[in-house]
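Enquirer: Okay, sequence plus prediction incoming.
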Amino acid sequence: MAVVVSKRRGLFFLPIILSFTSSLFLFLFISSTSKPDILQPGLTRIHVINPQLEFSTTSSPVMPKQSIVVNRSLVLDLQTTHELPSRTTQLASTAETKVETNDDDDVFHDRSFFTKDYKQMNKTLKIYAYPHDKDDPFANVLLPVNSKPKGNYASESYFKNALFESHFLTNDPSEADLFYLPFSIASLRHDKRVGVGGIKDFVANYVDEISRSYPFWNRSGGADHFYVACHSVGRTAMEKAVGVKLNAIQVVCSSSYFLSGYVAHKDASIPQIWPRKGVPPTRSPSQRKTLAFYAGAMNSRVRKDLVKTWENDSDISVHYSRLQTPYSEALLGSKFCIHAKGFEVNTARIGDALYYGCVPVVLADYYDLPYSDVINWNRFSVVLSAADIPMLKKILEGIVNGGEYLRMQRNVMRVQKHFQWHDLPLDFDAFYMVMYELWLRRSHVRIT
């Protein structure tokens, strides 16, 4: 009996050790590829750019990873950058294209490291998806969808469809780096047998079933497992499956530091992207006459404050609801497009802005932005605190007048490919970038 108890205690600590090990490796990677900007005590980056700017007396919440960046040419940047092919290429292509970039134009924290590690990921990463038959009662939830993904939460379906057709998938669990829990939160939400109220029980029962039918969950406590969810319901879906929330990798759109169920660097942020086909339209910066644009429902304090503050301004176009005129034209005609948090920190507006070549302005405190441990958001977006809404116009005008806007807009065009889904994934698109995030979070201790 003593031997059995000792063995169980050892298994109890195993998932904790694995999660800690993976988090430590990821922390060391981020520390080695990204260095903080040096500022005087008590100063934000906006103070450096323009000491005359007056800040709201409202205290701003701490944002662990985001920083308020407006003009990189006036701020010390210690990040090392290198070269990477700038065009999206299919994996089957053997041609390599190199372009000259300078430090201010590089959107990666460490381009050289990413290039090398990405190639290694493409060659070796293997994922085992728990198998289910087409006649399974919940095949609609567990298998890829037959129809084209659509709507606000299409990222979830696009990922599953791409994974099941990719070279990353393996039928041999002994060679797997990670194990995929294939349930779809969006599908469960619309399934009349489950619905929003039954998702927690479904997930808990599913994890219990695979833990009894397969040895893989139990040997790691779920530390080498992951699921993908884009709907906000996903953040509460794991409340009855504590092992998933604490140990597994949660790849979610609602990636907020403020939520107790989300653990940065263990979990990963997937971009919420409204599906659009074809080559993104272009419009030159000189033809973008509106300084900033926002339209959307008033379902948060941030959005209400934004519209109330700027509704009568002639340069900033903000609206209390959706536009009656084409949304695409408003995005194409604006220099900056505002992403203001609603019920959650995430919306599809960042993806919309990038698709139409508009520099995103992020007003979503605590948002763990997609790929933020790989790409430098400061190079192509303006990340602000909600407390800075009264100074929004001064900040954006300072970027334009200082010449920084043109550089940021060029970088927007460079990162577009990372925020696009395709029926057949292309190298460096959203699918491959999410796969790379999983690669970074895989366990460095293979359990057999």
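Expert: Noted; the coordinates are in hand.

Enquirer: Strands of this structure, residue ranges please.
Expert: All strands of the chain, identified by DSSP state E, fall at 127-129, 178-180, 225-229, 249-252, 268-269, 290-295, 316-319, 334-340, 359-363, 382-384.

Enquirer: among those strands, which is nearest residue 435?
Expert: When the strands of the chain are compared by C-beta to C-beta, strand 127-129 sits nearest residue 435, at 8.5 Å. C-betas here are computed from N, CA, C, even on glycine.

Enquirer: export the strands of the chain to a markdown table and tack on distance to residue 275 and mean neighbour count?
Expert: Formatted as a markdown table, these follow (distance: least, C-beta to C-beta, whole Å; neighbours: other C-beta atoms under 10 Å):
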| stretch | distance to residue 275 | mean neighbour count |
| --- | --- | --- |
| strand 127-129 | 23 | 21 |
| strand 178-180 | 22 | 22 |
| strand 225-229 | 16 | 25 |
| strand 249-252 | 18 | 27 |
| strand 268-269 | 19 | 26 |
| strand 290-295 | 20 | 22 |
| strand 316-319 | 24 | 19 |
| strand 334-340 | 18 | 25 |
| strand 359-363 | 19 | 25 |
| strand 382-384 | 25 | 25 |
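
Enquirer: Save those as CSV, and put in distance to residue 212 and mean pLDDT too.
Expert: CSV is the format used below for those (distance: least, C-beta to C-beta, whole Å; pLDDT from 0 to 100):
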stretch, distance to residue 212, mean pLDDT
strand 127-129, 17, 98
strand 178-180, 15, 98
strand 225-229, 15, 97
strand 249-252, 22, 95
strand 268-269, 28, 95
strand 290-295, 50, 97
strand 316-319, 53, 96
strand 334-340, 43, 97
strand 359-363, 43, 97
strand 382-384, 45, 97
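
Enquirer: Out of those strands, flag the one nearest residue 412.
Expert: In terms of C-beta to C-beta, the element of the strands of the chain nearest to residue 412 is strand 359-363, at 5.7 Å.

Enquirer: quick revisit: can you say which of the strands of the chain is nearest to residue 407?
Expert: Closest approach to residue 407 among those (C-beta to C-beta): strand 359-363, 10.0 Å.

Enquirer: Now find how far off-centre the closest one is within its chain.
Expert: Put simply, strand 359-363 sits 14 Å off its chain's centre (C-alpha atoms, centre = their mean, to the nearest Å).

Enquirer: CA atoms only: put stretch 193-206 into CSV for me.
Expert: Written as CSV, here are the backbone C-alpha positions of stretch 193-206 (Å, rounded to 0.1, in the frame of the first residue of the first chain):
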residue,chain,number,x,y,z
ARG,A,193,-28.4,18.4,-27.1
VAL,A,194,-25.8,20.4,-25.2
GLY,A,195,-26.2,24.2,-25.5
VAL,A,196,-24.3,26.8,-23.5
GLY,A,197,-25.5,25.4,-20.2
GLY,A,198,-24.3,21.9,-21.0
ILE,A,199,-20.8,22.6,-22.4
LYS,A,200,-19.0,22.3,-19.0
ASP,A,201,-20.5,18.8,-18.4
PHE,A,202,-19.7,17.7,-22.0
VAL,A,203,-16.0,18.8,-21.7
ALA,A,204,-15.6,17.2,-18.3
ASN,A,205,-17.2,13.9,-19.5
TYR,A,206,-15.0,13.9,-22.6
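
Enquirer: what does the average pLDDT come to for that stretch?
Expert: The average of the pLDDT scores along stretch 193-206 is 96.

Enquirer: Outside of that stretch itself, list whatever touches it.
Expert: 141, 181, 183, 185, 188-189, 233, 236-241, 244 (C-beta atoms under 8 Å, 6 or more residues apart in numbering).

Enquirer: and which of those is nearest to residue 107?
Expert: Using C-beta to C-beta, residue 185 comes nearest to residue 107 of the contacts of stretch 193-206, at 30.4 Å.

Enquirer: Let me know how buried residue 331 is, in neighbour terms.
Expert: When counting by other C-beta atoms under 10 Å, one arrives at 23 neighbours for residue 331.

Enquirer: Please report how far it lies from residue 381.
Expert: 14 Å (C-beta to C-beta, to the nearest Å).

Enquirer: And for residue 334?
Expert: The gap separating residue 334 from residue 381 is 14 Å, by C-beta to C-beta.

Enquirer: Of the strands of the chain, give the one that comes closest to residue 262.
Expert: Residue 262 lies closest to strand 249-252 among these, at 6.7 Å (C-beta to C-beta).

Enquirer: quick revisit: next, format the strands of the chain as JSON lines and append distance to residue 201.
Expert: JSON lines is the format used below for the strands of the chain (distance: least, C-beta to C-beta, whole Å):
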{"stretch": "strand 127-129", "distance to residue 201": "22"}
{"stretch": "strand 178-180", "distance to residue 201": "21"}
{"stretch": "strand 225-229", "distance to residue 201": "16"}
{"stretch": "strand 249-252", "distance to residue 201": "18"}
{"stretch": "strand 268-269", "distance to residue 201": "25"}
{"stretch": "strand 290-295", "distance to residue 201": "38"}
{"stretch": "strand 316-319", "distance to residue 201": "40"}
{"stretch": "strand 334-340", "distance to residue 201": "34"}
{"stretch": "strand 359-363", "distance to residue 201": "35"}
{"stretch": "strand 382-384", "distance to residue 201": "38"}
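
Enquirer: filter the contacts of stretch 193-206 to the buried ones?
Expert: Burial of the contacts of stretch 193-206 was assessed by neighbour count (16 or more other C-beta atoms under 10 Å); the buried members are 141, 181, 183, 185, 188, 189, 233, 237, 238, 240, 241, 244.

Enquirer: Do you have the helices of the stretch 301-448 of the chain handy? List them.
Expert: Ranges of helices in the stretch 301-448 of the chain, per DSSP state H, counting those that start in this stretch, are 301-310, 327-332, 349-355, 392-401, 404-415, 430-441.

Enquirer: among those, which is the most enclosed?
Expert: Using mean count of other C-beta atoms under 10 Å, the stretch among the helices of the stretch 301-448 of the chain with the largest mean neighbour count is helix 349-355, at a mean of 24.

Enquirer: and for that one, what are the contacting residues?
Expert: Applying C-beta under 8 Å, 6+ apart, the contact partners of helix 349-355 are 271-274, 276, 280, 296, 327, 331, 337-340, 358-360, 362, 381, 412, 415-416, 419-420.
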